[in-house]
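Chemist: predicted model follows, preceded by the sequence.
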Amino acid sequence: MKRVMGVMLFLFYAERSITEEMQAPSSEFELDSNLVDSLYQQSLNASPNPTSHVTSVQVTPQLSMMSPSTLELSNRYFDVSYTDQARNFPVVHLGLSKSVLQWGGLSLLIHGKVGYTYKEGIYEVRSRASESRTDLLKLHWLPLNAAIRMEYGFPRASFLKPHVTLGTGAQWLYQTGRLDGIEQGFWIPFYTFSPGITIFDQEGVSDWFGGITFSGTYQSSYSSTQLIRGWSIDVGLNVLL
């Protein structure tokens with residue numbers, strides 16, 4: 001009988017000891033409150049991830065060499081053809097673009113730019129009476145363009161991005177000379193088509209450098225009276241804001 005009572009007492013105390021150990025918190029799994037506060041403060045003070053090139057606004061200074069195949073301006077008194085007398089127009093542009101859609105390596109951007117060029121020289125002027133004269137003419141040329149650009153980034157060659165740009169706009173030309181009636185401003189609507197490629201546009205390489213763009217641009221006026229057609233070769237530097 002004593003032996004049975006001893007076994008029962010042993011089992012009772014053994015069960016009580018196990019229950020107390022299970023209920024007591026283990027120091028191994030206790031969280032350090034100081035460590036939690038430190039991690040929380042680090043998450044608050046952490047700087048945000050840099051904006052990717054896809055969502056960045058790009059400013060593009062661009063230099064173009066415009067070679068018009070047709071450049072003819074007409075008013076009530078005179079017709080002037082600059083086609084054979086002004087072969088090249090160096091044009092300075094300032095562009096602004098922003099990505100609005102991305103699907104895989106394909107990106108869609110809205111793009112706008114403004115340019116300026118100036119030409120001065122002695123040109124042949126034809127009057128409405130079919131008389132030909134020469135005059136010292138000065139021509140200021142200010143193109144304004146809005147466009148949509150589609151570009152593609154190769155997965156294994158991210159430094160190359162071919163693109164195609166379709167645009168439209170208006171250009172303001174202001175012509176002055178010595179002849180009475182030659183001075184006039186012209187607003188001429190036009191459209192553009194521009195294939196090209198951007199190199200060295202790699203995300204994470206620089207905070208401001210968005211690559212160098214090379215392109216060729218064809219433009220043509222909608223007007224049947226004021227005729228402007230031609231190609232230009234363009235080089236631009238993309239700066240990320």
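Modeler: Nice, thanks for sending it over.
Chemist: who are the contact partners of the spatially most central residue of the chain?
Modeler: Residue closest to the average C-alpha location in the chain (C-alpha atoms, centre = their mean): residue 97, at 3.2 Å. Contacts for residue 97 (C-beta atoms under 8 Å, 6 or more residues apart in numbering) come out as 57, 58, 60, 109, 110, 111, 112, 149. In short, each C-beta sits where N, CA and C put it, glycine included.
Chemist: assign it to helix, strand or coil.
Modeler: Of the three states, residue 97 takes strand under DSSP: H, G, I helix; E, B strand; the rest coil.
Chemist: about what we covered before: closest to residue 127 out of the contacts of residue 97?
Modeler: Nearest to residue 127 out of these is residue 112 (C-beta to C-beta; 38.7 Å).
Chemist: which residues of the protein fall in helices?
Modeler: Residue ranges of the helices in the chain, as given by DSSP state H, are 2-23, 33-45.
Chemist: confidence-wise, which of these is weakest overall?
Modeler: When the helices of the chain are ranked by mean pLDDT, helix 2-23 comes last with a mean of 51.
Chemist: rewinding a little: just the buried ones from the contacts of residue 97?
Modeler: Listed as buried from the contacts of residue 97 are 58, 60, 109, 111, 149; burial here means 16 or more other C-beta atoms under 10 Å.
Chemist: redo the residues you listed as JSON lines? Include pLDDT.
Modeler: JSON lines is the format used below for those (pLDDT from 0 to 100):
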{"residue": "58", "pLDDT": "92"}
{"residue": "60", "pLDDT": "96"}
{"residue": "109", "pLDDT": "95"}
{"residue": "111", "pLDDT": "94"}
{"residue": "149", "pLDDT": "96"}
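Chemist: can you add distance to residue 210 and give the residues you listed back as TSV?
Modeler: Listed next are these as TSV, based on distance: C-beta to C-beta, whole Å:
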residue	distance to residue 210
58	5
60	8
109	11
111	13
149	13
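Chemist: among these, which one lies nearest to residue 167?
Modeler: Proximity of the buried ones among the contacts of residue 97 to residue 167 was ranked by C-beta to C-beta; the top entry is residue 111 with 7.2 Å.
Chemist: mind showing which ranges of the protein have poor pLDDT?
Modeler: For the chain, applying pLDDT under 70 flags the ranges 1-55, 202-205.
Chemist: could you redo the last one with a cut-off of 90?
Modeler: Applying pLDDT under 90 to the chain flags residues 1-57, 83-87, 102-105, 128-132, 153-160, 200-210, 223-225, 241.
Chemist: and the strands in it?
Modeler: Secondary structure of the chain (DSSP state E): strands located at 57-74, 78-81, 89-103, 106-127, 132-152, 160-176, 184-199, 209-221, 227-240.
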